[in-house]
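Colleague: Only the shape, not the letters, is given here:
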């Protein structure tokens, strides 16, 4: 009897450790390479994947095969290597009541490392922001020109749930932002 209780207790604690709490831990989520994590740790101390609202996560899961609304991977620059994008949040400082900032960054794979590219200015963290992978060849919409287009490479969509958004598209050695909805 004593042994059963001990084993049951251990299994209960192990099971608790396997509980999925964050999109990063969800089945099928994108796992960042160690070198990318190291770069994030150096540039954004205390960073974490952005907190994405449950309604947003449900929306993303219904409409895509991507399990995460804050970390994606694709070939953003068309060089055949896997690149990453992270919607992250980090503390503004150690003071009490400090806000968390939200930032979208991309990591383009080079021969032996990754190149970090910051895609937006920091904004106050908000769980209604999320990112999506816009697949090469899929159709997009340019709000400025009122025309549809096809993504030339995998691209990074950044959205404010139910309000507005756009896509970061890599071309001519840099990302440009195309507003797709308002």
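Modeller: Thanks, I have the structure now. Worth saying up front: this structure is predicted, and the values here are computed from it rather than measured.

Colleague: quick one: buried residues of the host helix or strand of residue 177?
Modeller: Per DSSP states H and E: residue 177 is located in strand 174-181. By neighbour count on 16 or more other C-beta atoms under 10 Å, the buried set for strand 174-181 is 175, 178, 180. The C-beta positions use only the backbone N, C-alpha and C, and glycine is treated the same way.

Colleague: now do stretch 39-48
Modeller: Under 16+ other C-beta under 10 Å, the buried positions of stretch 39-48 are 39-40, 44, 47-48.

Colleague: gap between the two ends of stretch 40-48?
Modeller: The straight-line separation of the ends of stretch 40-48 (C-alpha to C-alpha, to the nearest Å) is 9 Å.

Colleague: ok, and what's touching that stretch?
Modeller: Stretch 40-48 is contacted from outside by 32, 86, 88-91, 103, 105, 116, using C-beta atoms under 8 Å, 6 or more residues apart in numbering.

Colleague: So what are the sheet partners of the strand holding residue 177 and their directions?
Modeller: Neighbouring strands of strand 174-181 in its sheet, by DSSP bridges, are strand 164-171 (antiparallel).

Colleague: contacting residues around the strand it pairs with?
Modeller: In contact with strand 164-171 (C-beta under 8 Å, 6+ apart) are residues 76-78, 85, 104, 106, 108, 119, 134, 140, 143, 151-153, 155-159, 175-182.

Colleague: What mean pLDDT does that strand get?
Modeller: Averaging pLDDT along strand 164-171 yields 96.

Colleague: Any stretches of this protein with poor pLDDT?
Modeller: 1-28, 64-67, 93-98 (pLDDT under 70).

Colleague: how does it look with 80?
Modeller: 1-29, 61-68, 92-98 (pLDDT under 80).

Colleague: Top of the contacts of stretch 40-48 by number of neighbours, please.
Modeller: residue 86 (28 neighbours; other C-beta atoms under 10 Å).

Colleague: In this structure that residue contacts residue 71, no?
Modeller: Yes. With contact defined as C-beta atoms under 8 Å, residue 86 counts as touching residue 71 (5.3 Å).
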